[in-house]
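**Student:** For reference, the sequence and a predicted model appear below.
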Amino acid sequence: MRRKLKARISSVDSVNIYNSYDIVGDIAVIKVPGDDLGNAQKVADEIMTLYNCKIKTVFMQISAVQGDFRVRRLKFLAGENRTVTVYKEHGCFFKVDIERCYISPRLLFEHKRISSLVAPGEVVVNMFSGVGCFSIFIAKASGSKVYSIDVNSVAYECMQENVQLNHVANCVVPLLGDSREIINLQLQGVADRVLMPLPELVFEYLPSALLALKPSGGWIHFFDFQHAAKGEDPIENTRKKVIAYLDALGVRYSFGFSRVIRSIGPNWYQTVLDICISGLSNKFLY
């Protein structure tokens, strides 16, 4: 479908349009360098034609994903002027307001991969849950208990609805607030596994992730944004930073799976690193 779209616009226009765009439910979000509204409108009209009623709305992204809530500003281009949709992935359904909540279809592989690792009976803490994608996939796959935390009240309300929509209220516990505060007050030493899918805060919040783990240790799924110059490995750069950080804290650890999820800009990458924590220093014991 993306190739068809590129073929329908002129070569001059296609140079000015990003090669990819996000589709969340029945809403498409495009990116246009320089916020070129003329080209953006052409692409929006073509998307509405090509997807033939499957896409009901097209927006142009006019800011980067930013802030504590990881949201982006959007400009309406075509279709129905609304930002709320229901996104379907791997048989699960997620209500989301794409302008007021964070959701990324590009994490589809990670949703499936991490949920497949969780064994029945594990306890999981999701420190940055958004509308609940990771949490609900894990609950569906394993029936494990997931403490699902987010500081964004809109995302929290969507998460509550999504827990009911996907029939996992017996597994997923939605919690509204800062995950550091919630872990410190309620969730010290409870988790077999901690998810940290917010690269902007991952090092700042790593001590809280360790605090949430059981004294015997467990797994941390660590998402990072990493720079890598030509010839450098972004995964290795992430690993070096984690080694320095954990060594300073006196933590015993080893590394499991890692990969580059995607490129996010020139020489910048989103990475994920699975960290097995096998021993905590006294400062993390309760």
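**Tutor:** Perfect, I can see it now. Numbering: from 1, shown residues only.

**Student:** Going toward the C-terminus from the least confident helix or strand in the chain by mean pLDDT, what's the next helix or strand?
**Tutor:** Per-element confidence for the chain was summarised using mean pLDDT, DSSP states H and E. The lowest value among helices and strands belongs to helix 11-15, with a mean of 46. Under the assignment DSSP states H and E, the closest C-terminal helix or strand after helix 11-15 is strand 22-24.

**Student:** Indicate each strand paired with that next one and its parallel or antiparallel sense.
**Tutor:** Strand pairing for strand 22-24, using DSSP bridges, gives strand 27-30 (antiparallel).

**Student:** what's next to the partner strand, contact-wise?
**Tutor:** Among residues not part of strand 27-30, those counted as contacts by CB atoms under 8 Å, 6 or more residues apart in numbering are 17-18, 21-23, 40, 43-44, 47, 51, 55-61, 74, 77, 82-83, 85, 98. Glycine gets a C-beta too; all of them are placed from N, C-alpha and C.

**Student:** Let's see that with 7 Å instead.
**Tutor:** Here strand 27-30 makes contact (CB atoms under 7 Å, 6 or more residues apart in numbering) with 21-22, 40, 43-44, 47, 55-61, 74, 85, 98.

**Student:** Show me where the stretch 1-150 of the chain has its helices.
**Tutor:** Along the stretch 1-150 of the chain, the segments classed as helices by DSSP state H, counting those that start in this stretch run 2-8, 11-15, 37-51, 108-117, 133-142.

**Student:** Let me know which of those helices is tucked in deepest.
**Tutor:** Compared across those, helix 133-142 shows the largest average neighbour count, a mean of 25 (mean count of other CB atoms under 10 Å).

**Student:** Against residue 104, how distant is residue 237?
**Tutor:** Summarising the geometry, the distance separating residue 237 from residue 104, computed by CB to CB, to the nearest Å, is 22 Å.

**Student:** pLDDT weak spots in the stretch 101-250 of the chain?
**Tutor:** For the stretch 101-250 of the chain, not a single residue meets the criterion pLDDT under 70.

**Student:** biggest strand in this protein by residues?
**Tutor:** Using DSSP state E, we find that the single longest strand of the chain is strand 252-265.

**Student:** residues in contact with that strand?
**Tutor:** Contacts to strand 252-265, defined as CB under 7 Å, 6+ apart, come from residues 106, 110, 225, 234-235, 239, 246, 269-279.

**Student:** which phi and psi does residue 183 have?
**Tutor:** Main-chain dihedrals, residue 183, degrees, to the nearest 10: phi -60, psi -40.

**Student:** residues contacting it?
**Tutor:** 125, 208, 211, 212.

**Student:** For the first one, grab the count of nearby residues.
**Tutor:** As a burial measure, residue 125 scores 31 neighbours (other CB atoms under 10 Å).

**Student:** Over to the second one?
**Tutor:** The number of residues packed near residue 208 is 22, by other CB under 10 Å.

**Student:** Just confirm it contacts residue 179, I think it does.
**Tutor:** Yes: at 6.3 Å, residue 208 counts as touching residue 179 under the criterion of CB atoms under 7 Å.

**Student:** isn't residue 180 right next to residue 204, touching?
**Tutor:** No: here residue 180 does not reach residue 204: they are 8.6 Å apart, not a contact under CB under 7 Å.

**Student:** Among those two, which residue is more densely surrounded?
**Tutor:** When neighbours are counted by other CB under 10 Å, residue 180 comes out ahead of the other of residue 180 and residue 204, with 19 against 10.
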